[in-house]
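Undergrad: pasted the sequence and its predicted model underneath.
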Amino acid sequence: MYIFQAYLTPEILAANASMGAHILGALFLGILVGYERSYKGRAAGMRVYGLVCMASAALTVFVGYARFWYGGSTTEVSADPTRLVQGIVSGIGFLCAGVIMKDGFNISGLTTAASIWAVAAIGVLLGVGFYGAAVLLAVLCMLSMSLLRDVEAKLPGRTTLDVSLTFRVDTAPSFERLAAAAEARGYQLLRESLTITFADQLFVWRFGAVALDRSRAASPALLAQELSSWEDVGGFAIAPQRH
């Protein structure tokens with residue numbers, strides 16, 4: 001118990017409180033920026049931006065309190081904190097890249113990768129003895145991943161669909177026709193995302209469709225029902241963007 005008393009001095013508690021304020025501020029600003037991306041229907045949203053922003057703040061602000069590392073038991077830290085953090089972040093970055101998967105417009109694993117990176121920041125704070133800041137960061141990470149998804153879904157925003165259409169033989173697909181039909185159902189087609197393949201005398205179009213207002217746009221189930229009635233469409237696939 002005597003060992004941990006060194007981590008409970010007023011100076012170290014004040015340092016933890018200061019770092020906690022920085023982390024909370026970074027989470028708020030990260031969520032604010034992330035909502036703009038979420039509103040536009042992008043893969044990285046409020047959770048990813050919030051996690052990355054507050055983890056970055058934690059890895060930056062703790063360096064300024066080097067005199068309190070390890071309970072202030074040493075007056076001089078021989079290690080270069082900048083290189084220390086750089087090595088940890090670089091190593092974790094390779095691990096995070098391995099959990100991100102991209103399939104067309106669907107990108108999965110972004111939140112998992114951001115949470116792994118945030119956990120690395122928690123480990124660094126624990127390693128140098130800033131237990132209060134580490135616990136706060138862990139709680140905020142957990143709340144961000146569990147609650148922000150529901151908050152993000154209730155806020156006004158856009159949803160991106162990954163659409164693949166297989167046209168029947170001897171049909172001439174028209175992007176303008178598709179764009180007009182999509183607009184009538186609350187979607188905007190992303191012309192720059194269009195990819196066209198031709199195999200076995202069949203055209204396959206793949207593109208992104210953004211719901212301008214996800215609360216008013218037709219559901220993927222309704223879109224599938226309508227596409228099944230199109231005579232020139234032989235097959236299709238609709239998948240909401242994941243992250």
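TA: Done, it's in.

Undergrad: okay, strands next: where are they in this structure?
TA: Per DSSP state E, the chain carries strands over the ranges 101-103, 106-108, 159-167, 187-199, 202-211, 233-240.

Undergrad: D170: neighbour count?
TA: Number of residues near D170 (other CB atoms under 10 Å) recorded here: 8. From N, CA and C alone the C-beta is placed, and that goes for glycine too.

Undergrad: tell me the backbone dihedrals of the residue lying closest to it once chain neighbours are set aside, please.
TA: Using CB to CB, 6 or more residues apart in numbering and skipping residues adjacent in sequence, the residue nearest D170 is Q201, 8.0 Å away. With angles defined as degrees, to the nearest 10, Q201 sits at phi 60, psi 20.

Undergrad: ok, Q201 touching V169?
TA: Yes. Between Q201 and V169 a contact is recorded at 5.2 Å, counting by CB atoms under 8 Å.

Undergrad: hmm, back to that, any idea how far S108 is from the residue nearest to D170?
TA: Q201 is 33 Å from S108, where distance means CB to CB, to the nearest Å.

Undergrad: so for the two, which sits in the more crowded spot?
TA: Between Q201 and S108, counting by other CB under 10 Å, S108 is the more crowded of the two (16 against 8).

Undergrad: ok, what's across the strand from the more buried one?
TA: S108 has these beta-bridge partners by DSSP bridges: M101.

Undergrad: quick one, grab the pLDDT at the closest residue to I196 other than its chain neighbours.
TA: Nearest non-adjacent residue to I196, counting by CB to CB, 6+ apart: W205, 5.6 Å away. Note for W205: predicted pLDDT of 89.

Undergrad: what's W205 in contact with, if anything?
TA: For W205, the contact set (CB atoms under 8 Å, 6 or more residues apart in numbering) comprises 164-165, 167, 173, 178, 194-196.

Undergrad: try 7 Å
TA: Contact analysis of W205 by CB atoms under 7 Å, 6 or more residues apart in numbering lists 165, 173, 194, 196.
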